[in-house]
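>>> Build me a structure from this.
(one chain, ligands or ions: 1)
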Amino acid sequence: MPFEQAQWVWLQGRIIPWREATVHVSAHALHDGTGVFEGIRCYETRDGPAVFRLHEHLERFSASAAVHDLSIGYTREELAEAVCEVVRRNGFPSCYVRPICYVGSGVLSVHPRTTPIEVAILAWPAETQFGAHALHSGVRVTVSSWVRFHSTMMPATAKACGQYLNSVLAVREAVRRGFDEAVLLDTNGYISEGSGENLFLVRHGKLLTNDERNSILLGITRDSVIQIARHAGYPVEVRTLQLDDLLAADEAFFTGTSAEVTPIREVDGQAIGSGARGPVTAQIQEAFFAAATGQDTRYRGWLHYVAPASLPARPGAA
Ligand code: PMP
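Purely as a prediction, here's the structure:
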């Protein structure tokens, strides 16, 4: 179990033991899903652990909180330091980091009124979402019978707790059907995204992906891959995608903090391209990991180094 190695949690400004970081059963967030969170990865680099695109994750965290009228109560700088502190105290060379801001215990009416808001940051060692083998062999997906909620129903670009029931329904159904993951369509029948990943297609040497007009969460990995692909000379077109675009693609892959860059090899039993990881996906994957682990110095600005406690933060670290 990944949590067994996690010893320390940041809760409301203090580092406390994992087992003491508990929430009361009357917490509003437990009942109504009133919280926002982030999923961040910290990669092992030659210069110690480095948090990937921390600034962008904390920006999205504040934007999600603002949309849901939650006041985080800590500055980005305080949160950035808190993230580093959790990684440092747990001694992880690499890990997944989960900041969460939620409505605590006070009332259980739908309107949370002035119920106190709490902020916590967890970290634990985490393998890539679908397992290391999936980075090579790809995943099998099914088109979900659950539709991704439209952004007029709930803000799709915010990362809020309650909205994940939509994703949970889709992924449970996918696994029940014998697949690794679901692809959700939007309310117009266009491709939206995976239960926790954005989607890219490769067609005739070009990358295609959709955007918030198809109710996706605007992934930070998606943005990284767009930039990496363009630097590598691939045109990237952002447009609405249909199911037939996916089925006719030469290659397809998911992007996400947890899934990183994972090839999609099959949709409902139909092979995508050769039915294996394609050459463009392999190249993007390699370039992504080189950026995230600091090997490609052009992307050093994406890394926030977790300096050892006794040393000041690295000059120039973003
Ligand atoms: N879509 C959904 C619904 C997600 O939960 C995630 C994971 N945060 C993503 C896409 C990918 O976003 P990111 O690359 O920022 O992790």
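
>>> In a strand, Y102, correct?
Yes - counting by DSSP: H, G, I helix; E, B strand; the rest coil, Y102 is located in a strand.

>>> count of neighbours near it?
Residues near Y102, counting by other Cβ atoms under 10 Å, number 23. No exception for glycine: its C-beta is placed from N, CA and C like everyone else's.

>>> Could you tell me which residues of the stretch 51-200 of the chain lie near the ligand?
Within the stretch 51-200 of the chain, the positions lying close to the ligand (Cβ under 6 Å from any ligand atom) are S167, E193, G196, E197, N198.

>>> again, 5 Å this time
Near the ligand, the residues belonging to the stretch 51-200 of the chain are E193, G196, N198 when assessed by Cβ under 5 Å from any ligand atom.

>>> In terms of distance to P308, which of these ranks first?
P308 lies nearest to G196 out of these, by Cβ to Cβ, at 32.2 Å.

>>> where does the closest one fall, helix, sheet strand or coil?
G196 falls in the coil class when you classify it by three-state DSSP.

>>> Pretty sure it sits against T255.
No - with contact defined as Cβ atoms under 8 Å, G196 does not reach T255; the gap is 10.5 Å.

>>> Compare the two (neighbour count), which wins?
T255 (26 against 21).

>>> TSV please, covering the residues of the stretch 51-200 of the chain next to the ligand and showing pLDDT.
Supplementary listing: those in TSV, determined by pLDDT from 0 to 100:
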residue	pLDDT
E193	98
G196	98
N198	98
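
>>> In the stretch 1-150 of the chain, what residue comes closest to the ligand?
Ranking the residues of the stretch 1-150 of the chain by distance to the ligand (Cβ to the nearest ligand atom) places G39 first, at 4.7 Å.

>>> Check the spacing between the nearest residue to that residue once chain neighbours are set aside and T114 real quick.
Closest residue to G39 in three dimensions, ignoring its sequence neighbours and counting by Cβ to Cβ, 6 or more residues apart in numbering: T257, at 4.5 Å. The span separating T257 from T114 equals 33 Å under the rule Cβ to Cβ, to the nearest Å.

>>> And for L79?
As it turns out, when the distance is counted by Cβ to Cβ, L79 lies 23 Å from T114.

>>> of those two, who's got more company?
A count of neighbours by other Cβ under 10 Å puts L79 above the other of L79 and T114, at 22 against 8.

>>> Is the more buried one in contact with P99, as I believe?
Yes - counting by Cβ under 8 Å, a contact exists between L79 and P99, whose distance comes to 6.5 Å.

>>> overlap in contacts of the two?
By the contact definition Cβ atoms under 8 Å, 6 or more residues apart in numbering, L79 and P99 are jointly contacted by L58, F61, V119, I121.

>>> Just the ones of those in helices?
Counting by DSSP state H, the part of those found in helices is L58, F61.

>>> Pull the most distant pair out of the shared contacts of L79 and P99.
In terms of Cβ to Cβ, the shared contacts of L79 and P99 reach their longest pairwise distance at L58 and V119, which sit 11.7 Å apart.

>>> got any residues that touch both of these two?
By the contact definition Cβ under 8 Å, 6+ apart, L58 and V119 are jointly contacted by L79, P99.

>>> Distance check, the most centrally placed residue in the chain against the ligand.
Ranked by distance to the mean C-alpha position of the chain (Cα atoms, centre = their mean), the top residue is T257 at 3.8 Å. Noted for T257: a distance of 3 Å to the ligand, by Cβ to the nearest ligand atom, to the nearest Å.

>>> swap in A182?
Applying Cβ to the nearest ligand atom to A182 and the ligand gives a distance of 11 Å.

>>> Shouldn't that residue be within a strand?
Yes - residue state for A182 (three-state DSSP) corresponds to a strand.

>>> show me what contacts it?
V141, T142, V143, S144, W146, A170, V171, E173, A174, G194, S195.

>>> and which of those residues is nearest to A291?
Within these, proximity to A291 (Cβ to Cβ) peaks at G194, which comes in at 21.6 Å.

>>> number of nearby residues for that closest one?
Neighbourhood size, G194 [other Cβ under 10 Å]: 29.

>>> Also D180?
For D180, the neighbour count with other Cβ under 10 Å is 22.
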